[in-house]
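> Take this sequence and fold it.
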Amino acid sequence: MIRRMSEEKMYRLAPSIFADAPHSKTSPKYSFLPTKDIIRGLGDLNWHPVKVQEQKVRDTNRIGFQKHLVELENPDIQLFDGLRPRFIVTNSFDWSAPFSFMLGIFRLVCSNGLVIADAMFENFKTIHRTYTLSEIEDSVYGYVQRVPELMNHLHEYKTTKMEYEQVMDFTQKAIDIRFPNDRNIITIEDAIATRRPEDDENNLWNLFNVVQENLINHPEAKSMKSNRKIRPVKAIDERLKMNQALWALMNNYIRR
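The predicted model follows:
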């Protein structure tokens with residue numbers, strides 16, 4: 001069972017999704033790709049919005065046209081252990097970003113959105129010059145057909161045991177991704193601290209999820225220098241890039 005988000009609620013949270021035209025300063029060659037039409041088209045394929053977000057902008061002229069994100073789920077498709085595939089759609093109408101969608105995994109127990117940065121699931125992008133809804137639908141069908149491959153990957157992560165040195169190495173590299181200019185902001189011990197019993201088992205998948213959650217959403221993370229709390233990662237671009245980088249890092253520890 002998923003909680004579908006109504007268009008009224010989507011509009012309250014991210015009104016840029018419902019723009020009827022692009023920003024006046026876009027190029028004459030710009031092809032307007034209405035996000036609302038894309039969402040409705042995906043709804044016909046039984047993929048429904050469950051989360052939306054729009055970028056904060058300082059330039060008031062960009063308000064209503066800025067980059068936005070929509071996450072969609074299909075109630076008929078689930079993996080295992082509370083995992084669900086999600087499509088993540090991003091778009092903008094102010095020349096700041098192309099239309100893009102990618103496949104991710106949502107873990108219900110900790111509300112982690114996971115972006116797959118694997119070669120088998122390359123992102124679909126268009127730069128606002130050519131577009132057909134049928135192209136997106138074809139990509140959706142293609143992704144769905146490869147869900148069994150995704151499940152095989154997840155099984156591989158869950159059955160990969162980690163040696164102590166590997167845990168330390170993975171976690172330090174993840175910290176460096178999150179804080180490239182100061183690795184001393186959070187300790188390895190804090191980054192690998194589990195919050196729920198099901199994450200205690202030693203495997204690569206659990207390590208990934210624990211570290212990801214602690215680095216992106218850690219409610220008690222503080223700088224060891226200033227003792228000030230570290231803000232969670234909320235910006236669209238930063239969150240997606242962080243998730244993609246951690247997924248790529250995880251793949252380095254698979255024994256193939």
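> Can you check my assumption that F106 lies in a strand?
Yes: using DSSP: H, G, I helix; E, B strand; the rest coil, the assignment for F106 is a strand.
> How much space separates E149 from H155?
With distances taken as Cβ to Cβ, to the nearest Å, E149 is found 11 Å from H155. For glycine as for every other residue, the C-beta is placed from the backbone atoms N, C-alpha and C.
> wait, I meant D44
Per Cβ to Cβ, D44 is found 32 Å from H155.
> what about the two, which has more around it?
Neighbour count, other Cβ atoms under 10 Å: between D44 and H155, H155 has more, with 13 against 9.
> which parts of the strand or helix carrying that one are buried?
For H155, the host element (DSSP states H and E) is helix 147-158. For helix 147-158, a neighbour-count test (16 or more other Cβ atoms under 10 Å) marks 150, 153-154, 156-157 as buried.
> do the same with stretch 40-48
42, 47-48.
> what does stretch 46-62 give?
Buried-residue list, stretch 46-62, by 16+ other Cβ under 10 Å: 47-55, 57, 62.
> Could you export stretch 186-200 as PDB, CA atoms only?
Taking C-alpha atoms only, stretch 186-200 is exported to PDB below (Å, rounded to 0.1, in the frame of the first residue of the first chain):
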ATOM      1  CA  ILE A 186      32.000  12.900  12.200                       C
ATOM      2  CA  THR A 187      33.700   9.800  13.500                       C
ATOM      3  CA  ILE A 188      33.700   6.400  11.900                       C
ATOM      4  CA  GLU A 189      32.100   5.100  15.000                       C
ATOM      5  CA  ASP A 190      29.200   7.500  14.700                       C
ATOM      6  CA  ALA A 191      28.800   6.900  11.000                       C
ATOM      7  CA  ILE A 192      28.400   3.100  11.500                       C
ATOM      8  CA  ALA A 193      26.100   3.300  14.600                       C
ATOM      9  CA  THR A 194      23.000   1.300  13.900                       C
ATOM     10  CA  ARG A 195      19.500   2.500  14.900                       C
ATOM     11  CA  ARG A 196      17.500  -0.700  14.600                       C
ATOM     12  CA  PRO A 197      18.200  -4.400  15.200                       C
ATOM     13  CA  GLU A 198      17.700  -5.500  11.600                       C
ATOM     14  CA  ASP A 199      20.800  -3.500  10.600                       C
ATOM     15  CA  ASP A 200      23.100  -5.200  13.000                       C
END
